[in-house]
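Trainee: turn this into a model:
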Amino acid sequence: KYLKEGGIKKKSAIIKKDFKIGYKIQKLKYKYLKEGVIKKISVTILVLKNYHPCLLTLKISYKNFFLFYCNKIANKQKQLKYIQEKVNFFYNTNNKASEYKIKFHTLLGVFMRKNFESNFFPYFLPHINSVKELRYLMLFQLPKKMIIGIPKNLKIFAIPFLEIYKNKRYGSIITSLPILMTVYFIKKKKYNLKKI
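Mentor: Numbers count the residues shown, from 1 in each chain. Model (predicted):
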């Protein structure tokens, strides 16, 4: 398992009200009225357990599994650099992102939130004039060895694709990932992804 080669270290807790769905929807409404369509990145990271692909997820309560996400900035030239900084800052043990250990691999897909609710769709619905949020699924590659820093109030799980697939517990975005990843295979020895 990858996490055994590196390891996990706890760091300072993150205090965010929008971990709860009620706060999240209220914040979404406010941002939409102020800025228009909201654009965010969901960070997808895979690890291997007995050469079986598993999705790295975070958890803050009994039900709430989620992917780390960050806001998408408007300046396209600096976009990827900004996202890599945010990802490395979050998963680093010392809250520094001086070097990009976790690197961007590819864009897997885009999901749409049609209304102020928790459901996402992988396509534009014909009866909806404007979507409220676009969620970009970006695949990132972990280095061969790394100690991952996780806030004290979060737990990290490596969930096998076999469990995620068609499991409504994880929501529409996470359950879609095994399908989106079917164009890839994982090299057992090198621990890297290659497109078929």
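
Trainee: can you name the farthest residue from the center of this protein?
Mentor: No residue in the chain has its C-alpha farther from the mean C-alpha position than H127, which lies at 28.4 Å (C-alpha atoms, centre = their mean).

Trainee: which strand or helix spans it?
Mentor: Taking DSSP states H and E as the criterion, H127 maps to no regular element, lying outside all helices and strands.

Trainee: mind checking the SS state of S130?
Mentor: Per DSSP: H, G, I helix; E, B strand; the rest coil, the secondary structure class of S130 is coil.

Trainee: can you tell me the closest non-neighbouring residue to it?
Mentor: With C-beta to C-beta, 6 or more residues apart in numbering as the measure, V37 is the residue that lies nearest to S130, at 6.9 Å, once sequence neighbours are left out. Glycine gets a C-beta too; all of them are placed from N, C-alpha and C.

Trainee: for I147, same thing?
Mentor: Ranked by C-beta to C-beta, 6+ apart and with sequence neighbours excluded, the top spatial neighbour of I147 is G7, at 4.9 Å.

Trainee: distance check, that neighbour against L125.
Mentor: Noted for G7: a distance of 44 Å to L125, by C-beta to C-beta, to the nearest Å.
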